[in-house]
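> sequence and computational prediction follow.
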Amino acid sequence: MPVQRQSKQFKDILPSFQVSPLTYDLLALKNEYAIARSVKNLVLTDPGERFFNPELGSRVNSLLFEPLDDIIASEVRDEIEYVINTFEPRVDLQEVTALPDFNNGELNVTIQYNIVGIEAHTQQQLTFALQPTR
């Protein structure tokens, strides 16, 4: 008897808590969009920021205030890999790159991953820039 994979659906509410004008329900992100938002939130969350899970988060924000060089980019990459592998079980992480942009004082981050449990035909990619802000 062949093994059948059960496909899952993932939903997260929008951080803005927008309401549908038709149903008055909270609007939701689904599947790839929900997971991409979750991955980015994990990277940008500082440890101790979530009340009932103080270990959740990464040191990425504090590393952005160090002088920008290849060593800091490597530490940011390692921190992103750790937080995703530790706290996001819906993702099979493939690769993380963090390239310093010395002209703009930012790190360009690309995260490539596969989603566990849904039939996504292509590898997912999330790209964003990290800048020190206060």
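Cool, got the structure.
> measure S62 to P47 for me?
S62 sits 9 Å away from P47, going by CB to CB, to the nearest Å. For the C-beta atoms, the positions are set from N, CA and C on the backbone; glycine is no exception.
> higher neighbour count, these two?
With neighbours defined as other CB atoms under 10 Å, S62 and P47 compare such that P47 has more, 15 against 12.
> which helix or which strand is home to the more buried one?
Counting by DSSP states H and E, there is no helix or strand that carries P47.
> for it, what are its contacts?
Listed by CB atoms under 8 Å, 6 or more residues apart in numbering, the contact partners of P47 are 54-59.
> considering these, which possesses the most neighbours?
S58 (23 neighbours).
> got JSON lines for the contacts of P47, with pLDDT too?
Putting the contacts of P47 into JSON lines (pLDDT from 0 to 100) gives the following:
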{"residue": "P54", "pLDDT": "91"}
{"residue": "E55", "pLDDT": "92"}
{"residue": "L56", "pLDDT": "93"}
{"residue": "G57", "pLDDT": "92"}
{"residue": "S58", "pLDDT": "94"}
{"residue": "R59", "pLDDT": "94"}
